[in-house]
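K.L.:
Could you work out the structure for the sequence below:
(one chain, ligands or ions: 1)
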Amino acid sequence: MEFSASRQTLLCSSPVGVLDSGLGGISVLKALRAKLAFEDFVYCADCGNAPWGDKTQAFVLERCRAICGFLISMRVKMIVLACNTATALAADALRNEFALPIVGIEPAVKPASVHSRSHAIGVLATNGTIQSSRYRHLLERFGHNVRIISTGAPGLMECVEKGDFTGPQTRALAQKYLAPMQKAGIDKLVLGCTHYPFLSEVLRDILGPEVELIEPGPAVANVAHARLVNINALRMHNNSPKEKFFIKKAEEHTDVLLRLWPQAASIDELAA
Ligand code: DGL
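P.N.:
Presented below is the predicted three-dimensional model:
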């Protein structure tokens, strides 16, 4: 009895692991922090190997496997894949291999389709996500009665990684990807890559106020919260909730990381 009580304490006070190919998953970390006020987080970014969106499934799975192994060595109680590409290409295999809960993230096609009044929505994501069988199934399930313009957007995540959130190159690239969607009369744009919320200003500027941008973070944070409650591992007290960052090629990416998460106090090289 005593043993299980102390095990439970250990599980509650363990951190939550979060991973992405790069810094985009920080958009999810913000939502997680807002929803899970007392948790500690360990965030891993594979910046030195990014982007993942144009890599093979085997490569993405191998990187996710290595990073999950590292997070487990940090004794995390749950892993959030703050990356649509990783979820599309690796989530099923990771869930088979690892015993802890793994929360994934999918483009929000369902809510966008249900609430679209123009019956046309856009989905901006990586090629890896758009071409995946998981995405195809998502469209089969929820893509009825609505026209969906799905666009793989190589280059956009790199704009975020280098800290170019609003510059002319970023704007030109976004304009190119959004033009067919504007022509189709979309009223919702699903941000199907966790990097894209950092480009919201430019995307909003191009599309105008009548198109709603649907960000992935809050829905994932709700799922993560429910999952922790479900396994009895939600942390209820913590005097100093922390985030630790492990970044592949940390030195090159610290400046942008600090722009996205100015309060980051612990930044280390990701050895995995
Ligand atoms: N942030 C990622 C996603 O949500 C991956 C971007 C990339 O590495 O290409 O898909």
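K.L.:
rest of the way, CA atoms for contacts and neighbours
P.N.:
Noted.
K.L.:
who in the chain is up against the ligand?
P.N.:
Taking C-alpha under 6 Å from any ligand atom, the part of the chain that reaches the ligand is made up of 20-21, 24-25, 50-53, 83-85, 126, 157, 193-195.
K.L.:
So which of these wins on neighbours?
P.N.:
Within the residues of the chain next to the ligand, Thr85 tops the neighbour count with 33 neighbours, counted by other C-alpha atoms under 10 Å.
K.L.:
Apart from its chain neighbours, what residue comes closest to that one?
P.N.:
Spatial nearest neighbour of Thr85, chain neighbours left out: Thr129 (5.0 Å); criterion: C-alpha to C-alpha, 6 or more residues apart in numbering.
K.L.:
elements contacting the host helix or strand of that neighbour?
P.N.:
According to DSSP states H and E, Thr129 maps onto helix 127-130. When contacts are defined as 3 or more C-alpha pairs under 8 Å, 6 or more residues apart in numbering; DSSP states H and E, helix 127-130 packs onto helix 84-97, strand 147-152.
K.L.:
residue nearest the centroid of this protein?
P.N.:
Nearest to the mean C-alpha position of the chain, counting by C-alpha atoms, centre = their mean, stands Ala82 at 2.8 Å.
K.L.:
Could you check the pLDDT of Leu11?
P.N.:
pLDDT for Leu11: 87.
K.L.:
again, but for the one 5 residues further on
P.N.:
The per-residue pLDDT reported for Val16 equals 98.
K.L.:
all strands of the stretch 51-200 of the chain, in order?
P.N.:
Here the stretch 51-200 of the chain has its strands, by DSSP state E, counting those that start in this stretch, at 78-81, 102-103, 120-125, 147-152, 188-191.
K.L.:
who does the first one pair up with?
P.N.:
I take that to be strand 78-81. Strand 78-81 sits in its sheet next to strand 16-20 (parallel), strand 102-103 (parallel), going by DSSP bridges.
K.L.:
Give the full set of residues in contact with the residue nearest to Thr85.
P.N.:
Gly53, Asn84, Thr85, Ala88, Leu89, Tyr135, Gly152 (C-alpha atoms under 8 Å, 6 or more residues apart in numbering).
K.L.:
send the alpha carbons of stretch 205-222 over as CSV?
P.N.:
Taking C-alpha atoms only, stretch 205-222 is exported to CSV below (Å, rounded to 0.1, in the frame of the first residue of the first chain):
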residue,chain,number,x,y,z
ASP,A,205,-2.4,39.5,-43.0
ILE,A,206,-2.5,37.6,-46.3
LEU,A,207,-5.9,35.9,-45.7
GLY,A,208,-7.7,38.7,-44.0
PRO,A,209,-10.0,38.7,-40.9
GLU,A,210,-12.7,36.5,-42.4
VAL,A,211,-10.5,33.4,-42.5
GLU,A,212,-10.0,31.7,-39.1
LEU,A,213,-6.6,30.1,-38.4
ILE,A,214,-7.0,26.9,-36.4
GLU,A,215,-4.0,26.3,-34.2
PRO,A,216,-3.1,22.8,-32.9
GLY,A,217,-1.9,23.5,-29.4
PRO,A,218,-5.0,23.9,-27.2
ALA,A,219,-6.7,20.7,-28.4
VAL,A,220,-3.5,18.7,-27.7
ALA,A,221,-3.1,20.3,-24.3
ASN,A,222,-6.7,19.2,-23.5
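K.L.:
Any chance of a markdown table for the helices and strands packed on helix 127-130, columns mean pLDDT and distance to Asp268?
P.N.:
Shown next, in a markdown table, are those (pLDDT from 0 to 100; distance: least, C-alpha to C-alpha, whole Å):
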| stretch | mean pLDDT | distance to Asp268 |
| --- | --- | --- |
| helix 84-97 | 98 | 22 |
| strand 147-152 | 98 | 31 |
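K.L.:
Redo the strands of the stretch 51-200 of the chain as a markdown table? Include mean neighbour count.
P.N.:
Converted to a markdown table, those look like this (neighbours: other C-alpha atoms under 10 Å):
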| stretch | mean neighbour count |
| --- | --- |
| strand 78-81 | 24 |
| strand 102-103 | 20 |
| strand 120-125 | 26 |
| strand 147-152 | 20 |
| strand 188-191 | 26 |
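K.L.:
Span of stretch 44-57 from start to end?
P.N.:
19 Å (C-alpha to C-alpha, to the nearest Å).
K.L.:
Please read the previous query as pertaining to stretch 36-49.
P.N.:
Taking C-alpha to C-alpha, the first and last residues of stretch 36-49 lie 29 Å apart.
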